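>>> the following block contains a protein sequence and its predicted model.
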Amino acid sequence: MGADTFTRVAFGKTADEAFSNARKEAEEWHGSRPYTGSIKEKDSFTKIPEREYKGKDRRKFAGELIAEGDDRIDSKWGPAGAVSLKGTQEASQYRENNNLKGKHGAVWLFFGWAPC
């Protein structure tokens, strides 16, 4: 069994709710098939402190953590990483595309390795 990287954007009133929403969407997409290489395989996440990515492109930052083998997200069996997309064009676009304008909550980017 191998591993693959993933990124997944999701919305929620809290990061926990966004993570749950991301997993549910992945489960709908992949069905009951195991080891999809997606967020579906994750059962937890680690919030990366904003001070580490403030002013940076969030997707690029996530890709760098994956490429560098950052200990917090480097295991296919461990937690996913999470960064807030608050204040980004990607968050605005996600809200618009998903009819979330004006709703309380935040858009999050989850990423890491998952078994496939």
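All right, it came through fine. Residues are numbered from 1 along each chain as shown.
>>> now stretch 96-108: buried residues?
For stretch 96-108, the neighbour count (16 or more other CB atoms under 10 Å) marks G105, A106, V107, W108 as buried. (Glycine included, C-beta is placed from N, CA and C.)
>>> so, low pLDDT: which residues of this structure?
Applying pLDDT under 70 to the chain picks out no residues at all.
>>> mind running it again at 90?
Within the chain, the segments meeting pLDDT under 90 span 1, 30-34, 101-102.
>>> do a quick rundown of the helices in it.
Ranges of helices in the chain, per DSSP state H, are 15-30, 50-53, 58-68, 89-97.
>>> list the contacts of G37.
G2, A3, D4, T5, F6, A114, P115, C116 (CB atoms under 8 Å, 6 or more residues apart in numbering).
>>> can you count the residues close to the first one?
Using other CB atoms under 10 Å, G2 is surrounded by 9 other residues.
>>> before we move on, the earlier item: what's the closest of the helices of the chain to S44?
helix 15-30 (8.2 Å; CB to CB).
>>> tell me what that closest one is packed against?
The helices and strands touching helix 15-30, judged by 3 or more CB pairs under 8 Å, 6 or more residues apart in numbering; DSSP states H and E, are strand 3-12, strand 45-47, strand 80-84, strand 106-115.
>>> distance to G37 added to those strands, as a markdown table?
Formatted as a markdown table, the helices and strands packed on helix 15-30 follow (distance: least, CB to CB, whole Å):
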| stretch | distance to G37 |
| --- | --- |
| strand 3-12 | 3 |
| strand 45-47 | 16 |
| strand 80-84 | 12 |
| strand 106-115 | 5 |
